[in-house]
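Chemist: mind folding the following:
(one chain, ligands or ions: 2)
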Amino acid sequence: MTRLQARELTLAYEDRTVVRGLDLAVPDGEVTVIVGPNACGKSTTLRALGRLLRPKEGAVLLDGTALAKLPTKKIAQQIGLLPQSPVAPEAITVADLVARGRQPHQHWWQQWSDDDERAVTEAMERTDVSDLAERSVDELSGGQRQRVWIAMALAQETSLLLLDEPTTFLDISHQVEVLDLVRQLNHDKGRTVVVVLHDLNQAARYADHLVAMRAGSVVASGPPSEVVTAELVREVFGLDCVVVPDPVTGSPLVVPGAPWGA
Ligand SMILES: Nc1ncnc2c1ncn2[C@@H]1O[C@H](COP(=O)(O)OP(=O)(O)OP(=O)(O)O)[C@@H](O)[C@H]1O
Ligand SMILES: [Mg+2]
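Modeler: Ligands and ions are numbered 1, 2, ... in the order given. You can find the predicted model right below:
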């Protein structure tokens with residue numbers, strides 16, 4: 001049983017089809033990572049999984065019911081989505097933006113609860129943005145801003161979390177921190193996470209389930225040790241490489257072929 005799945009999903013922007021007949025079952029309680037070249041449809045797929053985009057054909061099912069048939073608030077209580085390039089309202093503070101993650105849990109009779117407060121504080125601590133609370137989001141560096149958006153998604157406290165390239169703009173230690181956090185959320189709270197990542201080696205390290213896409217379709221999926229092969233990297237990215245075991249984790253490590261001039 002998987003809570004979230006896409007069936008025969010076709011996604012288009014007006015008359016341009018980007019994803020065709022895609023089937024995807026997101027394993028419960030695991031970290032799924034989607035990889036693939038630029039413009040292959042990763043973000044488009046993730047947005048459909050979070051109901052930001054309505055399928056042209058097929059459906060995304062949550063607990064067996066098509067998202068299109070569920071009320072928005074109910075979906076937002078279950079699925080959190082961090083898009084690739086989110087846009088913050090002008091001049092909003094960090095604390096206020098993170099607090100927006102609580103909207104799906106609020107009721108007209110109770111504007112702000114202790115639970116909301118706890119969730120926001122915890123999310124800001126976990127993403128290391130507590131010190132930025134009163135700063136305006138506009139004034140932050142790309143990496144700081146990225147962590148604030150992740151805090152907002154965490155504050156939503158959904159059992160399913162979809163993150164589109166959460167490590168863009170982050171320096172290497174913050175990248176590792178964010179990915180460790182994803183793992184930790186998954187481990188401690190059994191959350192199901194779907195992440196789009198560009199770095200194949202990070203994907204292989206952090207994924208339980210790896211999905212490789214190319215030109216709007218899934219080319220391969222399964223455990224990284226089975227999916228990440230030199231043949232697959234050539235097929236999906238058109239890159240010659242050698243795959244060796246990661247010296248720390250043993251997961252597949254992609255080493256590109258000799259650089260120009262070497
Ligand atoms: N809002 C939009 N309107 C029209 N076309 C779009 C829109 N968003 C994406 N596309 C097109 O859909 C295709 C897939 O885009 P998508 O953003 O899903 O790719 P991606 O795999 O996430 O790429 P990247 O790795 O660069 O983020 C691209 O050709 C893109 O130009
Ligand atoms: Mg994208």
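Chemist: could you use CA atoms for every contact and neighbour count after this?
Modeler: Will do.
Chemist: and the gap between residue 75 and residue 51?
Modeler: Residue 75 sits 8 Å away from residue 51, going by C-alpha to C-alpha, to the nearest Å.
Chemist: next: residue 116.
Modeler: Noted for residue 116: a distance of 24 Å to residue 51, by C-alpha to C-alpha.
Chemist: dump the residue contacts of the closest residue to ligand 1 within the stretch 101-250 of the chain.
Modeler: Ligand 1 sits closest to residue 198 of the stretch 101-250 of the chain, with a gap of 7.0 Å, by C-alpha to the nearest ligand atom. Contact analysis of residue 198 by C-alpha atoms under 8 Å, 6 or more residues apart in numbering lists 35, 36, 165.
Chemist: can you map out the helices along the stretch 51-200 of the chain?
Modeler: Listed in chain order, the helices found in the stretch 51-200 of the chain under DSSP state H, counting those that start in this stretch are 72-78, 94-100, 114-126, 142-155, 172-189, 200-206.
Chemist: Serialize the ones you listed to CSV and add fields for distance to ligand 1 and mean pLDDT.
Modeler: Below are the helices of the stretch 51-200 of the chain laid out as CSV (distance: least, C-alpha to the nearest ligand atom, whole Å; pLDDT from 0 to 100):
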stretch, distance to ligand 1, mean pLDDT
helix 72-78, 21, 93
helix 94-100, 24, 96
helix 114-126, 25, 95
helix 142-155, 15, 93
helix 172-189, 17, 89
helix 200-206, 12, 96
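Chemist: okay, these, which one's buried deepest?
Modeler: Among those, ranked by average contacts under mean count of other C-alpha atoms under 10 Å, first place goes to helix 142-155 (a mean of 23).
Chemist: report the contact partners of the residue nearest the centre of the chain.
Modeler: In the chain, the centroid-proximal residue (C-alpha atoms, centre = their mean) is residue 163; its distance is 1.8 Å. The contact partners of residue 163, taken as C-alpha under 8 Å, 6+ apart, are 81, 82, 83, 84, 193, 194, 195, 196.
Chemist: follow-up on the earlier one: who touches both of residue 75 and residue 51?
Modeler: Counting by C-alpha under 8 Å, 6+ apart, the residues touching both residue 75 and residue 51 are residue 67.
Chemist: many thanks, have a good one.
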